[in-house]
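Peer 1: no sequence on this one, just coordinates:
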């Protein structure tokens, strides 16, 4: 476990953008027996999701979110010292999408840009990077873009994955300021690498064969270019690791659960989050959910939940815990002081 | 831990299945109500009640309720 503590930096503003196109899980009768659809929706808690058009990428969604954030807060592009783009659905294999975004957002050539790639825990790992740079001499502002379009890498005839995933792009402005300390606990367990995986890559080079859709376990259909998830292993991982990491975080920071104003979980599935709430004995009204509207948007889900549910509610001082977990396996729980954070309402692309 | 208690906890996870029909020898994957979502609630129940990590393969490799019980029992004893 890596324990990181930051002083004098924090999140100044946040925004999010989702595709306009809505897909309803009640229409999944081609994939799930009709009598099981309602039960499935209740259990995973996902009624609808936003799906990007073929020509819209995660960076397009992030671009629009970033423009909104910069307009709403009167941010001069020249004041952005570092731009980070966190995604597993980047525009190209080469170059890094952050470089393209530097030009598109009108940031100066002096802006340092690079991409970060990680699973659903990615936002919090990227946020530590943003905080670390913002704390350094010579850096005042870091713009973190986190967006995913899993609809492009999930097969529509995969009944484990397709009902879960939605698309979203977010922007987070991190800067130096009069913020209280923040603490992140970060963990990795590569022994679980197969639980969530896309096989094709450099290890298994892409060939014409990789594109062929095949029937896999339990009748699910996918190609080697699409996401596989062992739902039971991921569930076991999350329920055994996430509550423990939050208890550890409270212990390390000498806090009690009652001092937490909001606890924002990666929106994986409703049943899982309800389990966390029960296990941690946190008041449910302090746990925002947006999974019913947007599904699981992978690493974008924590910032999307804040934009969707905490817009206008982060005035003054707030103690916020964020917790995210996913492919790797990788997980992180963090507590931070959010002071007068300007959250823009979610916009559509 | 006791087998009858485990069976009771297991039977509680079902909404429509009569608890009396669930016994140690019940082949749970043949139950009409069995689904991948019930499988997740089995994993959650085992974590909550017995503080044992239960993986997908543990469920895949089990046939009867007693098979599940034996895996949990073994892990409780190791700890």
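Peer 2: Cool, the structure landed. For clarity, every value in this text was computed on a predicted model and none was experimentally measured.

Peer 1: contacts, neighbours, all on C-alpha from now
Peer 2: Fine.

Peer 1: Next, count neighbours for the residue of chain B found nearest chain A.
Peer 2: Here the residue of chain B nearest chain A is residue B:56; by C-alpha to the nearest C-alpha that distance is 4.7 Å. Neighbours of residue B:56 under the rule other C-alpha atoms under 10 Å in any protein chain shown: 18.

Peer 1: distance of it from residue A:330?
Peer 2: Noted for residue B:56: a distance of 18 Å to residue A:330, by C-alpha to C-alpha, to the nearest Å.

Peer 1: With residue A:149 instead?
Peer 2: On the measure of C-alpha to C-alpha, residue A:149 and residue A:330 end up 20 Å apart.

Peer 1: Settle it for me: which of those two has more neighbours?
Peer 2: Between residue A:149 and residue A:330, counting by other C-alpha under 10 Å, residue A:149 is the more crowded of the two (30 against 23).

Peer 1: For that one, list the residues it contacts.
Peer 2: Going by C-alpha atoms under 8 Å, 6 or more residues apart in numbering or on different chains, residue A:149 touches A:51-52, A:57-58, A:89, A:166-168, A:297.

Peer 1: surely the residue of chain B closest to chain A meets residue A:230?
Peer 2: Yes: assessed by C-alpha atoms under 8 Å, residue B:56 is found in contact with residue A:230 at 7.3 Å.

Peer 1: thinking again about what came up before, next, the contact list for the residue of chain B closest to chain A, please.
Peer 2: A:230-233, A:236.

Peer 1: would you list those residues in TSV and tack on neighbour count, distance to chain B and pLDDT?
Peer 2: Shown next, in TSV, are the contacts of residue B:56 (neighbours: other C-alpha atoms under 10 Å in any protein chain shown; distance: C-alpha to the nearest C-alpha, whole Å; pLDDT from 0 to 100):
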residue	neighbour count	distance to chain B	pLDDT
A:230	17	7	92
A:231	19	8	89
A:232	24	5	88
A:233	21	5	91
A:236	21	6	90
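
Peer 1: from the residues you listed, which is closest to residue B:75?
Peer 2: residue A:236 (14.9 Å; C-alpha to C-alpha).

Peer 1: so which helix or strand takes in the closest one?
Peer 2: Element membership for residue A:236 (DSSP states H and E) is helix A:231-253.

Peer 1: Quick check: next helix or strand after that helix?
Peer 2: Heading C-terminal from helix A:231-253 (DSSP H and E), you reach strand A:262-265.

Peer 1: neighbouring contacts of that next one?
Peer 2: Contacts for strand A:262-265 (C-alpha under 8 Å, 6+ apart): A:273, A:286-289, A:302, A:305-306, A:318-324.

Peer 1: on that earlier part again, go through the helix holding residue A:236 and flag the buried ones.
Peer 2: A:231-246, A:249-250 (16 or more other C-alpha atoms under 10 Å in any protein chain shown).

Peer 1: Spell out which parts of chain A neighbour chain B.
Peer 2: Residues of chain A lying near chain B by C-alpha under 8 Å from any C-alpha of the partner chain: A:40, A:43, A:230-233, A:235-236, A:239-240, A:275.

Peer 1: Among the contacts of residue A:149, which lie within strands?
Peer 2: Per DSSP state E, strands hold the following members of those: A:167-168.

Peer 1: can you give me the helices in chain B?
Peer 2: B:3-11, B:36-50, B:56-60, B:65-78 (DSSP state H).

Peer 1: now the stretch 201-349 of chain A
Peer 2: With DSSP state H, counting those that start in this stretch as the criterion, the stretch 201-349 of chain A has helices at A:231-253, A:270-280, A:291-294, A:301-309.

Peer 1: give me the low-pLDDT residue ranges for chain B?
Peer 2: Segments of chain B classed as low confidence (criterion: pLDDT under 70) are B:79.

Peer 1: Tell me the residues on it that lie near chain A, please.
Peer 2: Counting by C-alpha under 8 Å from any C-alpha, chain B sits next to chain A at B:37, B:39-40, B:43-44, B:47, B:53-56.

Peer 1: Max pairwise distance over those residues: which two?
Peer 2: Going by C-alpha to C-alpha, the pair spanning these furthest: B:37 and B:53, at 17.1 Å.

Peer 1: In terms of neighbours, single out the busier of the two.
Peer 2: Taking other C-alpha under 10 Å, residue B:37 and residue B:53 do not tie; residue B:53 has more neighbours (20 against 16).

Peer 1: Might one say that that one is in contact with residue B:44?
Peer 2: No: using C-alpha under 8 Å, residue B:53 makes no contact with residue B:44, being 9.1 Å away.

Peer 1: got any residues that touch both of these two?
Peer 2: With C-alpha under 8 Å, 6+ apart, residue B:53 and residue B:44 have common neighbours residue A:236.

Peer 1: Name the SS class of residue A:32, please.
Peer 2: coil (DSSP: H, G, I helix; E, B strand; the rest coil).

Peer 1: and it, how many residues sit next to it?
Peer 2: There are 17 residues near residue A:32, going by other C-alpha under 10 Å.
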